[in-house]
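>>> take this sequence and fold it.
(chains A, B, C and D)
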There are 2 protein chains.
Amino acid sequence: MAQSVGIKDVARAAGVSVGTVSNVINRPDTVAGETRARVQSAIDRLGYVRSESARQLRAGRSRIMGLLVLDMGNPFFVDVARGAERAARDAGLGVMVCNSAQNAGEEAEYLALFAEQRVRGVLLTPADATGRNIETFRRHGIPFVLVDRVAEGTTECSVSVDDVAGGALAVRHLVDAGHRSIAYVSGPPGFNQVRDRRTGALNALAEAGLGPGALRELPTERLDVAAGRDAGARLLGLADRPTAVFCANDLLALGVLQAMYAAGVVVPDDLAIVGYDDIEFAAAAAVPLTSVRQPAITMGAMAADLLLEETEEREGQAAHQHRRVVLQPELVVRRSSLTAR
Amino acid sequence: MAQSVGIKDVARAAGVSVGTVSNVINRPDTVAGETRARVQSAIDRLGYVRSESARQLRAGRSRIMGLLVLDMGNPFFVDVARGAERAARDAGLGVMVCNSAQNAGEEAEYLALFAEQRVRGVLLTPADATGRNIETFRRHGIPFVLVDRVAEGTTECSVSVDDVAGGALAVRHLVDAGHRSIAYVSGPPGFNQVRDRRTGALNALAEAGLGPGALRELPTERLDVAAGRDAGARLLGLADRPTAVFCANDLLALGVLQAMYAAGVVVPDDLAIVGYDDIEFAAAAAVPLTSVRQPAITMGAMAADLLLEETEEREGQAAHQHRRVVLQPELVVRRSSLTAR
DNA sequence: GGCACATCGGGAAGGGCTTCACATTACGAC
DNA sequence: GTCGTAATGTGAAGCCCTTCCCGATGTGCC
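Take a look at the predicted model:
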């Protein structure tokens, strides 16, 4: 197969001009049926595929949307991606999914890549707590939507879940079960989600007349299973060990669970655990995990829709109003938080 | 920020020709230091980002590699992607990861997308058992490497894991533990992996003097947790229930495990389970899963390397020999297969 | 039969970049 | 002083496509 079948080759083969071939592809109704058929058959015969780069160069923008997530190893983000993909596809766009791996450097690299690609817009779960990457990116004039994080200031659209409410759900549940000393395995302190969930947790404690002293925070470097195991080990070393632990996400919770299992600590009897995200594997865990469910697919889809709305506007519709959508989480109770008695 | 700062604007601002700006970016050593600095500062000042599409149009090919996996919800493929990304990045390429969701139609769409993008090459885990998509794609002359599947014929490179050996490992382990009647939750019959793992299973049975009747196959539509739950339900309905089950991947195994748990069947005492892939969540399952580990990251990285080797050759090195790399799996024994006594 | 009007298709102009052949300059050597 | 050479920079061609303006052809109607 010839490496380079161009529109010219097709035109020659079909005995028409290149303009006509282009019309057949892009506005078939402007071409007479007979001509169209002839051109189409030439296209098929030669195996012509139009060059997206040329197309894009002409159009000035691409048909791809960038999605930069914190961790593709976390099924939560896989779901976000799924939702975004679906919405983008409905609009005829593709999604380029990239993984910053919770690392500001990689985030910057991928954002630069997106800029070079003249991506239509970007969905972003920020990894860089300083916000410097975003600041730099803003200069390019490429619209973006924050995912799983509320936009601060009024600058951009965002779709997030009410993390304060989520944290409160989790801890209220534990308090109701009688726990009075709770650990919070929290993740990197820079993340808003982490902070907001703590705020919610403290609120729930306050409701019950408990002070912030009832919450012992165990920060971690990363939001993954290994970090959870590590936090679990630290938890075991605490004097006056809490009777319950709330984890900033399910991966951490699974890690904690593994550490408890290895140490012979019985969950939930000796330690109750509540996770966050309700990933599919939470239900299949050694002890099925109680978790705060987030509508991940919806979040991805809504973010993509907001972005689409914003980019359409650029084609001269009514002005797009930046919006901050906040969804509500939901508590899913399973065995890990049900003290047996 | 002006939407469109082009190389011309930079040239004007720096008082040089466009050619020189291009040289500053692509071959800085051919430009005098003073000029280079002036151009660079103009670039920074204007926030110029080169257009990848124009660059690519000129170059005739892109700097992106496509990766099309069966299921991004399966952590196994997330690892494959990780490996591929790392290897590609080392070569200065980006990876566009797409998810065929085990669906031939979506696979075809994404392959078409890759062709339009003039992607450098494609790493592919085929979803279309008929091979028709591949056949069509081959016409474009874009090199590709099959991942997790042996190339049939001598047509392409492939990287896979010896599935026959893996199936044998799993079932030999079960036979050694005394099981004489084993179920195989297998997945869609079109998949080679599924077939090869069965072959291995039968081999292991034969070694032990058991006939194929000792293996009861339960096919499923998909390779995911829901399908596993479904297969588990069917398993429970079988007269003369097998005492062990071997699953074609860990997601199925987790599903089976959930079904058993729901039905009060004790794993491993009433039913031993062995999965495949050894995803991270296998170890954290309700009953930690025995599984056949595959070197997923390595597989992704090797596939990317093979592809790079092949595309480099196109620039006129020694001819690239298509190769089929076959890696070895490894059994990881955990509680789900250890009959308690 | 001739005219107005659709309808089609042709041709050329970019769009932003790289690259290549060539112009310019400086400098050391003879 | 002249020439060769190396070091720099210039400018235009061309990658492949879309789009827009027109000319050409055909149609229906008076």
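
>>> need the nearest residue in space to residue A:203, chain neighbours excluded.
Excluding the flanking residues, the one nearest residue A:203 by CB to CB, 6 or more residues apart in numbering or on different chains is residue A:168, at 5.1 Å. (Each C-beta comes from the backbone N, C-alpha and C, glycine too.)

>>> got the contact list for the one you found?
By CB atoms under 8 Å, 6 or more residues apart in numbering or on different chains, residue A:168 lies in contact with A:200-201, A:203-204, A:207.

>>> let's see that with 6 Å instead.
By CB atoms under 6 Å, 6 or more residues apart in numbering or on different chains, the contact set of residue A:168 is A:200, A:203-204.

>>> so it versus residue A:217, what's the distance?
16 Å (CB to CB, to the nearest Å).

>>> what's the answer for residue A:94, then?
For residue A:94 relative to residue A:217 (CB to CB), the value is 41 Å.

>>> of these two, which one has the most company?
Set residue A:94 next to residue A:217 and count neighbours by other CB atoms under 10 Å in any protein chain shown: residue A:94 wins out with 21 against 13.

>>> circling back to that earlier point, got a pLDDT number for the residue nearest to residue A:203?
Per-residue pLDDT puts residue A:168 at 98.

>>> now name the helix or strand holding it.
helix A:163-176 (DSSP states H and E).

>>> so what does the helix or strand that that helix is followed by touch, helix or strand wise?
Using DSSP H and E, the helix or strand that directly follows helix A:163-176 along the chain is strand A:182-185. Judged by 3 or more CB pairs under 6 Å, 6 or more residues apart in numbering or on different chains; DSSP states H and E, strand A:182-185 is in contact with strand A:215-218, strand A:244-247.

>>> which bits of the stretch 151-300 of chain A sit near chain B?
In this structure, the stretch 151-300 of chain A approaches chain B at residues A:225, A:254, A:258, A:280-281, A:284-286, judged by CB under 6 Å from any CB of the partner chain.

>>> the same query, at a cut-off of 7 Å, please.
A:225, A:254, A:257-258, A:280-281, A:283-286, A:288 (CB under 7 Å from any CB of the partner chain).

>>> also the stretch 1-150 of chain A?
Counting by CB under 7 Å from any CB, the stretch 1-150 of chain A sits next to chain B at A:1, A:3, A:47, A:49-54, A:56-57, A:62, A:72-73, A:75, A:78, A:81, A:94, A:96-97, A:113, A:115-118, A:139-141.

>>> in strands, which of those residues fall?
The strands, defined by DSSP state E, take in A:94, A:96-97 from the residues of the stretch 1-150 of chain A next to chain B.

>>> now tabulate the residues you listed in CSV and tack on distance to residue A:234 and pLDDT.
Formatted as CSV, those follow (distance: CB to CB, whole Å; pLDDT from 0 to 100):
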residue, distance to residue A:234, pLDDT
A:94, 43, 91
A:96, 38, 93
A:97, 33, 94
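
>>> which one of those residues is nearest DNA strand D?
Checking those against DNA strand D by CB to the nearest atom of the strand gives residue A:94 as the nearest, at 15.7 Å.

>>> contacting residues around the closest one?
Neighbouring residues of residue A:94 by CB atoms under 7 Å, 6 or more residues apart in numbering or on different chains: A:63-64, A:88, B:113.

>>> repeat that for residue A:212.
Here residue A:212 is in contact with residue A:202 (criterion: CB under 7 Å, 6+ apart).

>>> for DNA strand D, see how far away it is.
Distance, residue A:212 to DNA strand D, by CB to the nearest atom of the strand, to the nearest Å: 60 Å.

>>> quick check: end-to-end length of stretch A:145-155?
The separation between the terminal residues of stretch A:145-155, taken as CA to CA, to the nearest Å, is 10 Å.

>>> residues making contact with that stretch?
A:80, A:123-126, A:156-160, A:192-193, A:299, A:303, A:306-307, A:322, A:324.

>>> show me which of the residues you listed are buried.
Among the contacts of stretch A:145-155, the ones that count as buried by 16 or more other CB atoms under 10 Å in any protein chain shown are A:80, A:123-126, A:156-160, A:192-193, A:299, A:303, A:306-307, A:324.

>>> which members of the residues you listed are positioned in strands?
A:123-124, A:157-160, A:324.

>>> would a markdown table of the residues you listed with pLDDT and distance to residue A:221 be doable?
Converted to a markdown table, these look like this (pLDDT from 0 to 100; distance: CB to CB, whole Å):
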| residue | pLDDT | distance to residue A:221 |
| --- | --- | --- |
| A:123 | 97 | 25 |
| A:124 | 96 | 21 |
| A:157 | 92 | 30 |
| A:158 | 95 | 25 |
| A:159 | 96 | 27 |
| A:160 | 95 | 23 |
| A:324 | 92 | 29 |
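
>>> out of those residues, who's nearest DNA strand C?
Taking CB to the nearest atom of the strand as the measure, DNA strand C lies nearest residue A:124 of these, at 23.5 Å.

>>> for the closest one, give its distance to residue A:149.
Taken as CB to CB, the span from residue A:124 to residue A:149 is 8 Å.

>>> what does residue A:255 give?
Distance of residue A:255 to residue A:149, computed by CB to CB: 23 Å.

>>> low-confidence stretches in the stretch 201-341 of chain A?
A:313-319, A:340-341 (pLDDT under 70).

>>> that older thread, between the residues of the stretch 151-300 of chain A next to chain B, which sits nearest residue B:109?
residue A:280 (25.4 Å; CB to CB).

>>> so that closest one sits right up against residue A:78, yeah?
No. Contact criterion CB atoms under 7 Å: residue A:280 and residue A:78 do not qualify, at 9.4 Å.

>>> looking at the two, which one has more neighbours?
residue A:78 (26 against 20).

>>> which of the residues in stretch A:53-61 are buried?
Buried, per 16+ other CB under 10 Å, within stretch A:53-61: A:53-57, A:61.

>>> then stretch A:85-96?
Buried-residue list, stretch A:85-96, by 16+ other CB under 10 Å: A:85, A:87-88, A:93-96.

>>> now the residues you listed in TSV, with distance to DNA strand C?
Converted to TSV, these look like this (distance: CB to the nearest atom of the strand, whole Å):
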residue	distance to DNA strand C
A:85	28
A:87	29
A:88	24
A:93	20
A:94	20
A:95	24
A:96	20
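
>>> nearest to residue B:20, of those?
For those, the nearest to residue B:20 is residue A:96 (31.9 Å; CB to CB).

>>> mind listing what the closest one touches?
A:64, A:66-67, B:96.

>>> show me where chain A has its helices.
With DSSP state H, the ranges of helices along chain A come out as A:7-14, A:18-26, A:33-46, A:52-59, A:75-90, A:104-116, A:132-138, A:163-176, A:192-207, A:225-237, A:250-263, A:280-283, A:296-313.

>>> so which of those is the most surrounded?
A comparison of the helices of chain A by mean neighbour count, using mean count of other CB atoms under 10 Å in any protein chain shown, puts helix A:250-263 on top with a mean of 25.

>>> between helix A:225-237 and that helix, find me the angle.
50 degrees (axes from the mean of the first three to the mean of the last three CA atoms, to 10 degrees).

>>> tell me the contacts of residue A:113?
Counted by CB under 7 Å, 6+ apart, residue A:113 has contacts residue B:94.

>>> report the separation between it and residue A:231.
Counting by CB to CB - residue A:113 and residue A:231 are separated by 33 Å.

>>> who in the stretch 151-300 of chain A is up against DNA strand C?
The stretch 151-300 of chain A comes close to DNA strand C at no residue, as judged by CB under 7 Å from any atom of the strand.

>>> among the helices and strands packed on strand A:182-185, which comes closest to residue A:42?
Between residue A:42 and those, the tightest spacing by CB to CB is seen for strand A:244-247, at 60.4 Å.

>>> may I have the strands that pair with that closest one, each with its orientation?
Strand A:244-247 has the following sheet partners, assigned by DSSP bridges: strand A:182-185 (parallel), strand A:272-277 (parallel).
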